[in-house]
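> build the 3D model from these lines:
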Amino acid sequence: MRVVFMGTPDFAVPTLTEIVMRGHEVLAVYTRAPRPAGRGQDLRKSPVHLAAEEFGIPVFTPKNFKEQEDRDTFAALGADVAVVVAYGLLLPPELLAAPEKGCLNLHGSLLPRWRGAAPIQRAVMAGDTRTAASVMKMEEGLDTGPVGLVEEIPIGPDMTAGELHDEMMRRGADLMGRALAALERDALEFTPQPEAGVTYAKKIEKAEARIDFSRPAQEVHNHIRGLSPFPGAWFAFERGGKPVRVKALRSTLAEGRGAPGTVLDGLTIACGEGAVRLTQVQREGKGAMDAEAFLRGTGDLADQIVG
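Numbering: from 1, shown residues only. Below is the predicted model:
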């Protein structure tokens, strides 16, 4: 089929690759414009932009679709279908209606649960034990469209958002490939989302990242793994009268009790109920390391209050 692909981060690259490898004609790729990055603030192209260039596909980077010229350019491509994966821009009704077979979106949740910007992180933070990659037909509403294909993905008790992201990225690419194959045969059936069970996955804010050890250990553990590796849940402790900030990247539930935030043993920290054991951390300005290496550098923290 004649496809327009719209995506930006590394999460979207395997889906673009899958579409190309299946022999579809990718007419154009739409992605976010290059942005300043790094110390030199040089303009950096998105992962999808770089992948499109490797495939020799024309790339468009409109700031938005408010200009009629940008909407006309999209319509003139004459696509059978548009595939949208973490693009980052809202599509106006004119664009949604332009492809003959509509616009398909790969969404990282078991819809209608976790519509919105951060479905992978929110599912882990909420302690969900399962989620899904879903292919839906896009409508004007936020992730409200009917669903064509779903592949459920279990969330292990210690699984991080980063690990789920990578699993979702792999499975989602294959799912979209299968969806396009069915669509080409006019065999892709869409089911409206149920009205019950709608939740919204709002964007992760920096203010959420600090760990609150007064919460039950299970909630603290979910918070840590849901924000790992980015932006990273963090806590601080004092060293030489100054606060030292540390990201907690991996944790597990542990035995123990004490005042919330008290370091019981090693990096086992008391919570409002129970305790968590931090197994991988990252001190500010340093690389990720396991708990033993961290303690060799900082010394024993037993009985200190962190938070």
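> now do the residue nearest to residue 45 when sequence neighbours are not counted, the pLDDT please.
Here the nearest residue to residue 45 in space, its sequence neighbours aside, is residue 34; by C-beta to C-beta, 6 or more residues apart in numbering that works out to 4.9 Å. C-beta: built from backbone N, CA, C; applies to glycine. Looking at residue 34, its pLDDT is 92.
> what about residue 34, neighbour count?
13 (other C-beta atoms under 10 Å).
> from residue 63, how far out is it?
12 Å (C-beta to C-beta, to the nearest Å).
> how close does the residue nearest to residue 45 sit to residue 49?
For residue 34, the distance to residue 49 (C-beta to C-beta) stands at 7 Å.
> shared neighbours of the two, which are they?
Counting by C-beta atoms under 8 Å, 6 or more residues apart in numbering, the shared contacts of residue 34 and residue 49 are residue 61.
> before we move on, the earlier item: quick check: the residue nearest to residue 45 vs residue 213, distance?
Relative to residue 213, residue 34 is positioned 41 Å away (C-beta to C-beta).
> how about residue 280?
As judged by C-beta to C-beta, residue 280 and residue 213 stand 18 Å apart.
> same check on residue 27?
Remark: distance between residue 27 and residue 213 (C-beta to C-beta) = 52 Å.
> so the two - more neighbours on which side?
Per other C-beta under 10 Å, whichever of residue 27 and residue 213 has more neighbours is residue 213, with 20 against 16.
> in a strand, that one, correct?
No: looking at residue 213 with DSSP: H, G, I helix; E, B strand; the rest coil, it is coil, so not inside a strand.
> so it touches residue 270, yeah?
Yes: with contact defined as C-beta atoms under 8 Å, residue 213 reaches residue 270; the gap is 7.0 Å.
> pull up the overlap in contacts between these two.
In contact with both residue 213 and residue 270: 260, 261, using C-beta under 8 Å, 6+ apart.
> need the three-state assignment for the residue nearest the centre of the chain.
Among the residues of the chain, the one closest to the centroid is residue 120, at 5.0 Å (C-alpha atoms, centre = their mean). Judged by three-state DSSP, the three-state class of residue 120 is helix.
> how much space separates it from residue 107?
Taken as C-beta to C-beta, the span from residue 120 to residue 107 is 10 Å.
> that older thread, please tell me how far the residue nearest to the centre of the chain sits from residue 159.
Counting by C-beta to C-beta - residue 120 and residue 159 are separated by 11 Å.
> same deal with residue 251?
Separation of residue 251 from residue 159 (C-beta to C-beta): 12 Å.
> what are the boundaries of the helices in the stretch 151-300 of the chain?
Counting by DSSP state H, counting those that start in this stretch, the stretch 151-300 of the chain has helices at residues 161-184, 217-226, 291-298.
> now the angle from the second one to helix 161-184?
So that's helix 217-226. 60 degrees (axes from the mean of the first three to the mean of the last three C-alpha atoms, to 10 degrees).
> which helices and strands does helix 217-226 pack with?
For helix 217-226, the elements it packs on are helix 119-125, strand 233-239, strand 242-254, strand 275-283, judged by 3 or more C-beta pairs under 8 Å, 6 or more residues apart in numbering; DSSP states H and E.
> winner for burial among the ones you listed?
helix 119-125 (a mean of 25; mean count of other C-beta atoms under 10 Å).
> what's the angle from the next helix or strand after it to helix 161-184?
Downstream of helix 119-125, the next assigned helix or strand under DSSP states H and E is strand 130-137. Per the same axes, to 10 degrees, the angle that strand 130-137 makes with helix 161-184 is 40 degrees.
> joint contacts of residue 251 and residue 159?
residue 225.
> so residue 150, which of the three states?
Under three-state DSSP, the three-state class of residue 150 is strand.
> check contacts around it.
Residue 150 touches 110, 111, 132, 133, 134, 135, counting by C-beta under 8 Å, 6+ apart.
> could you find the closest non-adjacent residue to residue 272?
Of all residues not flanking residue 272 in the chain, residue 214 sits nearest, at 4.6 Å (C-beta to C-beta, 6+ apart).
> state the number of residues packed around residue 166.
14.
> quick one: it and residue 14, what's the gap?
10 Å.
> please apply the same query to residue 123.
20 Å.
> next: residue 250.
Using C-beta to C-beta, residue 250 is found at 25 Å from residue 14.
> residue ranges with poor pLDDT in the stretch 151-300 of the chain?
By pLDDT under 70, the stretch 151-300 of the chain has no low-scoring segment.
> nothing else from me, thank you.
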